[in-house]
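*Asks:* Sequence and predicted structure are below.
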Amino acid sequence: MIKFIINDRELEVENGKTILEAAFASGIKIPTLCYNKELSPYGACRLCLVEIAGGGRIGLHAACLYKVTEGLIVKTDTERVKKARKIVIELLLAGNPDSEKIKLIAEEYGVNKTRINLGTRTDCILCGLCVRVCAEVVGMSAISFAGRGTRKKVQTPFDKISDTCIGCGACAYICPTKAIKIEQV
């Protein structure tokens with residue numbers, strides 16, 4: 001067992017657990033859009049940012065990726081964390097103003113509007129849940145990421161109908177913004 005401190009509470013967790021897993025197990029709320037306990041962590045949404053105050057790499061880090069170490073000191077609700085999360089929420093809201101899930105998170109954090117204009121809107125937040133569920137749970141890898149930077153998107157290989165897609169709908173089910181729609185044939 002590893003001892004560490006989160007929000008002035010000393011906790012013990014099993015070796016190999018992330019800060020997010022430890023927080024959830026202790027009833028400490030940390031927001032996230034790209035995390036699912038059944039899938040490998042990805043750290044895409046950045047909502048789970050926490051501040052490492054000691055015992056590790058000092059600064060803001062994604063709680064879903066950062067493994068707990070002995071003596072780690074974590075803060076989940078500092079002004080620095082709140083400010084960083086609000087910026088992330090503004091970015092998400094700018095690209096996905098109609099997403100109910102993002103609107104709820106924005107409301108919870110007091111973000112009423114965004115100062116950011118991305119120029120384009122997309123329902124996909126590139127959280128990777130669909131890609132990971134298809135590969136890790138369904139075992140098909142019918143979709144993946146393509147492109148880099150602002151051109152990055154989720155698509156089938158070569159943007160053609162995927163031979164490996166079994167039509168299970170797991171990708172649509174797990175999508176937090178409902179960007180994936182299942183079409184009835």
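*Replies:* Now that the structure is in, tell me what you want to look at.
*Asks:* Residue 171 touches residue 128, doesn't it?
*Replies:* No - judged on CB atoms under 8 Å, residue 171 makes no contact with residue 128 at a distance of 10.8 Å. In this view, the C-beta of every residue, glycine as well, is placed from N, C-alpha and C.
*Asks:* Which residue, neighbours along the chain excluded, lies closest to the residue nearest the centre of the chain?
*Replies:* For the chain, the residue nearest the mean C-alpha position is residue 34 (2.5 Å; CA atoms, centre = their mean). If you skip the residues right next to it in sequence, residue 34 has residue 127 as its closest partner in space, 3.6 Å away by CB to CB, 6 or more residues apart in numbering.
*Asks:* Tell me which residues touch that neighbour, please.
*Replies:* Residues touching residue 127, when contacts are defined by CB atoms under 8 Å, 6 or more residues apart in numbering, comprise 33, 34, 42, 44, 45, 176.
*Asks:* same thing with residue 76?
*Replies:* Contacts for residue 76 (CB under 8 Å, 6+ apart) come out as 6, 7, 23, 28, 30, 50, 51, 63.
*Asks:* 7 Å instead, please
*Replies:* Residue 76 is in contact with 6, 7, 23, 28, 30, 50, counting by CB atoms under 7 Å, 6 or more residues apart in numbering.
*Asks:* Need the buried ones from those selected in ChimeraX.
*Replies:* The buried residues among the contacts of residue 76 can be selected in ChimeraX (16 or more other CB atoms under 10 Å) with this line:
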select :6,23,28,30,50
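*Asks:* Just give me the closest of the contacts of residue 76 to residue 180.
*Replies:* For residue 180, the closest of those turns out to be residue 30, at 25.2 Å, with distances computed as CB to CB.
*Asks:* which residue ranges form the strands in this protein?
*Replies:* Taking DSSP state E as the test, the strands found in the chain are 2-6, 9-13, 49-54, 59-62, 73-75, 144-146, 153-155.
*Asks:* got a list of contacts for the longest one?
*Replies:* For strand 49-54, the external contacting residues (CB under 7 Å, 6+ apart) are 19, 30, 58-63, 72-76, 78, 80-81, 84-85.
*Asks:* Return the members of these classed as buried.
*Replies:* By neighbour count, with 16+ other CB under 10 Å, those hold 19, 30, 60-63, 72-76, 81, 84-85 as buried.
*Asks:* Would you mark the buried spots in the longest helix along the chain?
*Replies:* Longest among the helix segments of the chain by residue count, using DSSP state H, is helix 79-95. Neighbour counts using 16+ other CB under 10 Å place 81, 84, 85, 87, 88, 89, 90, 91, 92, 93, 94, 95 of helix 79-95 among the buried residues.
*Asks:* Which other helices and strands does it contact?
*Replies:* Other helices and strands packing on helix 79-95, by 3 or more CB pairs under 7 Å, 6 or more residues apart in numbering; DSSP states H and E, are strand 49-54, strand 59-62, helix 100-108.
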